[in-house]
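Visitor: generate a structure from the sequence data that follows.
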Amino acid sequence: MKKMKTRDVALVGLFAALTVICSWISIPLGPVPVTLQTFAVFLAAALLGSKRCTWAVLVYILLGVAGLPVFSGFKTLNPLTFGYVLGFLPLGLLTAASEKLFSKTKLALPLGMVLGLLACYFIGTVWFYYVMHFRGTEYGFGKILSLCVVPFIVPDLVKLGLAYFLAQKLGKFVK
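Guide: Just a heads-up that it's a prediction; the model follows:
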């Protein structure tokens with residue numbers, strides 16, 4: 001395995017820190033809050049590529065698992081919403097890999113972002129379902145979607161668009 005350069009390590013740390021800061025910007029919306037974490041992961045994937053983005057997300061996750069208050073609202077790990085945090089890994093990977101998946105078209109990056117977001121929704125929602133199930137609360141598919149996906153579609157698409165726009169402007173400085 002090739003060693004990471006100092007610049008790569010600094011960028012990984014910077015984007016892990018950006019994800020922490022973005023998680024603290026939190027609007028409670030039922031059991032799953034709206035945060036800017038997805039924005040940070042979209043931006044990291046678009047600017048850093050899959051390897052460095054994955055490292056940034058892993059650093060962020062490990063900080064939270066270690067007990068630091070890096071998750072939404074200055075909190076530690078929330079078992080109910082942790083699946084969405086784990087979903088940041090495929091979100092970042094699919095976004096970063098979009099140019100390889102869809103050739104180098106103008107729609108490759110936004111399409112990868114949408115696929116990554118869908119993967120994040122899927123993992124987080126399945127996780128949410130199982131945690132609720134083990135707590136003895138049975139929600140139907142419609143109820144779970146109304147709590148965990150539907151309210152987030154528009155805010156997440158706005159974050160996706162903002163990350164895409166910033167990546168186009170900042171890309172030349174980061175690569």
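
Visitor: start to end distance for stretch 59-73?
Guide: End-to-end span of stretch 59-73 (C-alpha to C-alpha, to the nearest Å): 18 Å.

Visitor: run through who's touching it.
Guide: Stretch 59-73 is contacted from outside by 12-13, 16, 19-20, 23-24, 26, 28, 33, 35, 37, 75-78, 81, 85-86, 88-89, using C-beta atoms under 8 Å, 6 or more residues apart in numbering. For the C-beta atoms, the positions are set from N, CA and C on the backbone; glycine is no exception.

Visitor: do stretch 91-109 as well
Guide: Residues outside stretch 91-109 that contact it (C-beta under 8 Å, 6+ apart): 38, 41-42, 44-46, 48-50, 53-54, 56-57, 111-113, 115-117, 119-120, 164, 167.

Visitor: I25 and G67: what is the separation?
Guide: Using C-beta to C-beta, to the nearest Å, we find I25 at a distance of 21 Å from G67.

Visitor: in strands, which of the contacts of stretch 59-73 appear?
Guide: Residues of these located in strands (DSSP state E): S26, T35.

Visitor: remind me, longest helix of this structure?
Guide: Secondary structure of the chain per DSSP state H: the longest helix is helix 37-65.

Visitor: where does pLDDT dip in the protein?
Guide: 1 (pLDDT under 70).

Visitor: helices along that one, start to end?
Guide: Remark: helices assigned in the chain by DSSP H are 6-24, 37-65, 82-86, 88-96, 98-101, 108-134, 141-148, 153-174.

Visitor: CA atoms of the fifth one as PDB?
Guide: Output for helix 98-101, consisting of C-alpha atoms alone and laid out as PDB, is shown next (Å, rounded to 0.1, in the frame of the first residue of the first chain):
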ATOM      1  CA  SER A  98     -18.800   8.500 -10.200                       C
ATOM      2  CA  GLU A  99     -16.300   9.500 -12.900                       C
ATOM      3  CA  LYS A 100     -15.200   6.000 -13.300                       C
ATOM      4  CA  LEU A 101     -18.700   4.600 -13.100                       C
END
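
Visitor: so what's L29 closest to, chain neighbours aside?
Guide: P151 (5.5 Å; C-beta to C-beta, 6 or more residues apart in numbering).

Visitor: now do F39
Guide: F39 sits nearest to K159 (C-beta to C-beta, 6+ apart), 3.9 Å away.

Visitor: done for today, thanks.
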